[in-house]
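S.K.: A predicted structure for the sequence below; I have some questions about it.
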Amino acid sequence: MNCAAVVLAAGAARRFGGGKLSVEFRGAPLLAHAVRAARAAPVQRVVLVCGADLGLRDWPGDWPGDWPGTPPVEVLRTKSDALSAS
């Protein structure tokens, strides 16, 4: 059976005050911890769904595209704020 983990990270974090996914916790952005946890599950791939404005490449080194190994991490960026509206 093929299974995938989906990390939903397209919210606006309004209650938090914005930028929640890139806030550092124990030396890494919160989103990095979520992706690491998903990769630790018995899955064949991890799909990260994020907003177009999430600056993954601005993070110093530790973002999903730079992680070697398996399972692979695919990044899907939304083109609009449709997912952030709710």
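M.R.: Right, received. Where do you want to start?

S.K.: any idea of the pLDDT on residue 72?
M.R.: pLDDT recorded at residue 72 is 83.

S.K.: do the same with the one 3 residues further on
M.R.: As predicted, residue 75 sits at a pLDDT of 79.

S.K.: In a strand, it, correct?
M.R.: Yes - counting by DSSP: H, G, I helix; E, B strand; the rest coil, residue 75 is part of a strand.

S.K.: Name the residues linked to the closest residue in space to it that isn't next to it in sequence by a beta bridge.
M.R.: Using Cβ to Cβ, 6 or more residues apart in numbering and skipping the chain neighbours, the partner closest in space to residue 75 is residue 48 (4.9 Å). Bear in mind the C-beta positions are built from the backbone N, C-alpha and C, glycine included. Taking DSSP bridges, one finds residue 7, residue 75 as the beta-bridge partners of residue 48.

S.K.: ok, residue 48 - how many residues close by?
M.R.: Residue 48 has 24 neighbouring residues, counting by other Cβ atoms under 10 Å.

S.K.: Please, where are all the helices along the protein?
M.R.: Assigned helices in the chain, in chain order: 30-40 (criterion: DSSP state H).

S.K.: And the strands in it?
M.R.: Taking DSSP state E as the criterion, the chain contains strands spanning 4-9, 24-25, 28-29, 45-51, 73-78.

S.K.: and residue 18, which of these is closest to it?
M.R.: Closest to residue 18 of those, according to Cβ to Cβ: strand 45-51, at 11.3 Å.

S.K.: Show me what the closest one packs onto, helices and strands only.
M.R.: If you count contacts as 3 or more Cβ pairs under 8 Å, 6 or more residues apart in numbering; DSSP states H and E, strand 45-51 packs onto strand 4-9, helix 30-40, strand 73-78.

S.K.: For the residue nearest to residue 41 when sequence neighbours are not counted, give me its contacts.
M.R.: Nearest non-adjacent residue to residue 41, counting by Cβ to Cβ, 6+ apart: residue 5, 5.4 Å away. When contacts are counted by Cβ atoms under 8 Å, 6 or more residues apart in numbering, residue 5 touches 38, 39, 41, 43, 45, 46, 47, 71.
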